[in-house]
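Chemist: quick one, what's the 3D model for this:
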Amino acid sequence: MLTAMATVLVGLLGYVALCAARPFALCRKCAGTGKTERFGKARTCPRCRGKKYRLRVGRRLHNAWHRTRQAGTR
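Modeler: Numbers count the residues shown, from 1 in each chain. Here you go, the predicted model:
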């Protein structure tokens, strides 16, 4: 049980470090190309809007927490 908890903690800390160092990742829908096909026609990827990158979930959570914390101190 202790080994499993330590493994989860190490994985979580690794993901936090990854989100801090590289907050953006390649878009999963278009695989980083910025384009998708629909009915045989190429179009801009709706998920990343053609920018090829997306914000990681952990970074999105951090930004929301930070905005909430800043709004509470004002």
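Chemist: just the strands in the protein please.
Modeler: Taking DSSP state E, the strands of the chain run over residues 24-26, 35-38, 41-44, 53-55.
Chemist: pick the most deeply packed of these.
Modeler: Mean neighbours per residue, mean count of other C-beta atoms under 10 Å, is largest over the strands of the chain for strand 53-55, with a mean of 16. All C-beta spots, glycine's among them, are computed from the backbone N, C-alpha and C.
Chemist: partner strands of that strand, with direction?
Modeler: Each strand that pairs with strand 53-55, with its direction, by DSSP bridges: strand 24-26 (antiparallel).
Chemist: can you tell me which helix in the protein is longest?
Modeler: helix 2-21 (DSSP state H).
Chemist: ok, and what's touching that one?
Modeler: The contact list for helix 2-21 (C-beta atoms under 8 Å, 6 or more residues apart in numbering) reads Arg56, Gly58, Arg59, His62.
Chemist: measure Arg59 to Arg49 for me?
Modeler: 17 Å (C-beta to C-beta, to the nearest Å).
Chemist: for Ala31, give me its contacts.
Modeler: Ala31 neighbours (C-beta under 8 Å, 6+ apart): none.
Chemist: try 10 Å
Modeler: Cys45, Lys52 (C-beta atoms under 10 Å, 6 or more residues apart in numbering).
Chemist: distance-wise, check it relative to Ala4.
Modeler: Distance from Ala31 to Ala4, by C-beta to C-beta: 33 Å.
Chemist: and the contacts of the helix or strand of the chain with the lowest mean pLDDT?
Modeler: Lowest on mean pLDDT, DSSP states H and E among the helices and strands of the chain sits strand 35-38, with a mean of 89. If you take C-beta under 10 Å, 6+ apart as the criterion, strand 35-38 is touched by Cys27, Lys29, Cys30, Ala42, Arg43, Thr44, Cys45, Pro46, Arg47, Cys48, Gly50, Lys52.
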